[in-house]
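[1] What would the 3D arrangement of this be:
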Amino acid sequence: AYGQRGEPLQAILDYTQAIALDPKHVGALVNRGVAYAEQGDLEKAKIDLKEALDLQPDCAPAYVGCGIVYSRQGDFEHAIADYSRAMELDPQDAEAYNYRGMAYVEHGELENAIDDFDQALVLNPSLVAALVRRGQAHAGMGRLDAAIRDFARAISLDPVSSEAYLQRALAYDEKGEYDLAVTDYSQALDLDPKDARIHYNRGSAYSRRGRLESALDDYTAAIALDASFAAAYFDRGNVYVQQGQLDAALADYTRAVTLNPSFASAFVGRGNLYAEQGEQDKAIQDYTQAVALNPRFAGAFSNRGLAFAEQGELEKAIADYSEAIALDPQFVAAYNNRGEAYRRRGELEAAIADFGEAIKLEPQLAQAYNNRGLVFAEQGRLEDAVADFSQAIHLNPQFSSAYQNRGTVHRRQGEASKAIADFGQAISLNPL
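    Residues are numbered from 1 along each chain as shown. Got it, this is the predicted structure:
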């Protein structure tokens, strides 16, 4: 075994006593080195592992220990090389295959990782860590059913493995099976109630199910356990927005970007609140920070475009919408909003083209039909305008503006009774 998992401090004391009695005790040096690595004291770990290899150059566990240190440093290429050397020296070491598999996962080589976990499990069919890690690798490749099978087997072998329950819950979550996910998150929390990650993920599952109060409770619990959990503040802020608690949301978004100044989505969330409150300059500042952090963040460009449009800076708005579309050619809202900016600038053919593209991408988008109808009306294409307003109403019978706009066109056509009927419907839907 490589150290005493879960008790590195006591392990270090025990191995230090063993080394005091026998300074050339290779096993004690290796295990103390691994325990130091688990504590994050990598320099001491290196010293112990080097001494072990000086005493016994063909010590496979020492190479595994060196691999662990390299992995902790993020140097996965050297880690893989050391784990490979350990396996050359001891081909029956299931732990070495497991550790190398973990390094392959971090290095993005998921197929190689699965091969290693497979071999680890051939050598030791009860190695729960390999089952959990293989399940994670399967999940990373979109093989969710295979992942769930591995996590289930891990749970059958170790019914108190909170990590196995957590990982299976994440897989269920990704499949959209939120009730099963919540059940597993809850089981994981019964086993480890102080794991902030589990509270956070269960909160996200509750949120997706529309159980906002339960989501708030879990996000708040995650924050209580880990006050530096920026993602928990961000997602709690999202729930507050859904509940209309905008001041609380603003505070959470601000806390998220304070904790993690590289959190582009949190800047966008806060920017959206500023925009909703009419503070467009602050919104633009946050969106600009988001695109500086992530130049491929199409949503941030699109939202900044909206803020520019609110300020009447249509050229800047069109530039941002265009950037959003270049990054995401399927971005329906960006086409619709750019079309509106073109309409306001009097570039009516460009507007029609953008509204048409939005409709092509999302045929159920009533707003795009309404907007294109307005352009047709400006061009005097009254029949086309009526057709578009009628389609908007068909898609959204509560669309008061579409009734108002169609009524206006009917009046221009001299069809007073139709106009009166549409204006009456518009008023009944929106009395104010």
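
[2] contacts, neighbours, all on C-alpha from now
    Noted.

[3] Other residues contacting stretch 246-258?
    For stretch 246-258, contacts defined as Cα atoms under 8 Å, 6 or more residues apart in numbering pick out 229-231, 233-234, 236-241, 263, 266-267, 269-270, 273.

[4] Check what pLDDT Pro431 gets.
    On pLDDT, Pro431 comes in at 89.

[5] now it, what's its secondary structure?
    On the three-state scheme (DSSP: H, G, I helix; E, B strand; the rest coil), Pro431 is labelled coil.

[6] OK, contacts around Gln367?
    Gln367 neighbours (Cα under 8 Å, 6+ apart): Ala392.

[7] Which positions in the helix or strand containing it come out as buried?
    Assigned by DSSP states H and E, Gln367 belongs to helix 366-378. Within helix 366-378, the residues scored as buried using 16 or more other Cα atoms under 10 Å are Ala366, Gln367, Ala368, Tyr369, Asn370, Asn371, Arg372, Gly373, Leu374, Val375, Phe376, Ala377.

[8] and the helix or strand Pro61 falls within, what does it pack onto?
    Counting by DSSP H and E, the element that carries Pro61 is helix 60-72. Using 3 or more Cα pairs under 8 Å, 6 or more residues apart in numbering; DSSP states H and E, the elements in contact with helix 60-72 are helix 26-39, helix 42-55, helix 76-89, helix 94-106.

[9] let's see it at 6 Å
    Packed against helix 60-72 by the contact rule (3 or more Cα pairs under 6 Å, 6 or more residues apart in numbering; DSSP states H and E) you find helix 26-39, helix 76-89.

[10] and that helix with helix 42-55, angle?
    Computed by axes from the mean of the first three to the mean of the last three Cα atoms, to 10 degrees, the angle separating helix 60-72 from helix 42-55 equals 150 degrees.

[11] Could I get the average pLDDT for helix 60-72?
    pLDDT averaged over helix 60-72 gives 96.

[12] Repeat that for stretch 346-359.
    98.

[13] Name the residues of that stretch that are buried.
    Leu348, Ala350, Ala351, Ile352, Ala353, Asp354, Phe355, Gly356, Glu357, Ala358, Ile359.

[14] Inside helices: which ones of these?
    Leu348, Ala350, Ala351, Ile352, Ala353, Asp354, Phe355, Gly356, Glu357, Ala358, Ile359 (DSSP state H).

[15] doesn't Arg344 make contact with the third one?
    No - with contact defined as Cα atoms under 6 Å, Ala351 does not reach Arg344; the gap is 9.0 Å.

[16] now Tyr36, nearest residue through space, not along the chain?
    Ala45 (5.1 Å; Cα to Cα, 6 or more residues apart in numbering).

[17] Could you do Val375 as well?
    Excluding the flanking residues, the one nearest Val375 by Cα to Cα, 6+ apart is Leu348, at 6.3 Å.

[18] And that neighbour, how far from Ile284?
    Distance, Leu348 to Ile284, using Cα to Cα, to the nearest Å: 27 Å.

[19] now swap in Gln277 and tell me
    Taken as Cα to Cα, the span from Gln277 to Ile284 is 13 Å.

[20] more crowded one of those two?
    Per other Cα atoms under 10 Å, whichever of Gln277 and Ile284 has more neighbours is Ile284, with 24 against 11.

[21] Show the pLDDT at that one.
    98.

[22] So what does the nearest residue to it once chain neighbours are set aside look like in phi/psi?
    Spatially, and ignoring its direct neighbours in sequence, Ile284 is nearest to Arg304 (5.6 Å; Cα to Cα, 6+ apart). The phi/psi pair for Arg304 (degrees, to the nearest 10) reads phi -60, psi -40.

[23] What of Pro91?
    The phi/psi pair for Pro91 (degrees, to the nearest 10) is phi -70, psi -10.

[24] Okay, it and Gly135: tell me how far apart.
    Remark: distance between Pro91 and Gly135 (Cα to Cα) = 23 Å.

[25] neighbour-wise, which of the two wins?
    Shown here are Pro91 and Gly135; by other Cα under 10 Å, Gly135 has more neighbours (30 against 14).

[26] That one touches Ala147, doesn't it?
    Yes - between Gly135 and Ala147 there is a contact under Cα under 6 Å: 3.9 Å.

[27] Stretch 373-388 spans what distance, first to last residue?
    Span of stretch 373-388 from end to end, Cα to Cα: 5 Å.

[28] Sorry, wrong one. I was asking about stretch 255-272.
    OK, stretch 255-272 end separation, Cα to Cα: 16 Å.

[29] Any regions of this protein where pLDDT drops low?
    Along the chain, segments meeting pLDDT under 70 span 1-7.

[30] Distance to Ala249 added to the buried residues of helix 366-378, as CSV?
    Shown next, in CSV, are the buried residues of helix 366-378 (distance: Cα to Cα, whole Å):
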residue, distance to Ala249
Ala366, 30
Gln367, 28
Ala368, 30
Tyr369, 33
Asn370, 32
Asn371, 32
Arg372, 35
Gly373, 37
Leu374, 36
Val375, 38
Phe376, 41
Ala377, 41
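
[31] May I ask which two of those are separated the most?
    With Cα to Cα as the measure, no two of the buried residues of helix 366-378 lie farther apart than Ala366 and Ala377, at 16.6 Å.

[32] Tell me, how many residues neighbour the residue nearest to Gly65 when sequence neighbours are not counted?
    Closest residue in space to Gly65, ignoring its immediate chain neighbours: Val34 at 5.6 Å, by Cα to Cα, 6+ apart. By other Cα under 10 Å, the residues close to Val34 number 35.

[33] and if you look at the one 5 residues further on?
    Using other Cα under 10 Å, Gln39 has 14 neighbouring residues.

[34] what about the residue lying closest to it once chain neighbours are set aside, how many neighbours?
    In this structure, Gln39 finds its nearest non-sequential neighbour in Pro8, 6.6 Å apart by Cα to Cα, 6+ apart. By the criterion of other Cα under 10 Å, Pro8 has 19 neighbours.

[35] quick one: Pro8 from Tyr83, how far?
    Where Tyr83 is concerned, Pro8 sits at a distance of 21 Å (Cα to Cα).

[36] One more: Lys316?
    In this structure, Lys316 and Tyr83 are 54 Å apart, going by Cα to Cα.

[37] ok, these two, which is more surrounded?
    Counted by other Cα under 10 Å, Lys316 and Tyr83 do not tie: Tyr83 has more neighbours, with 28 against 17.
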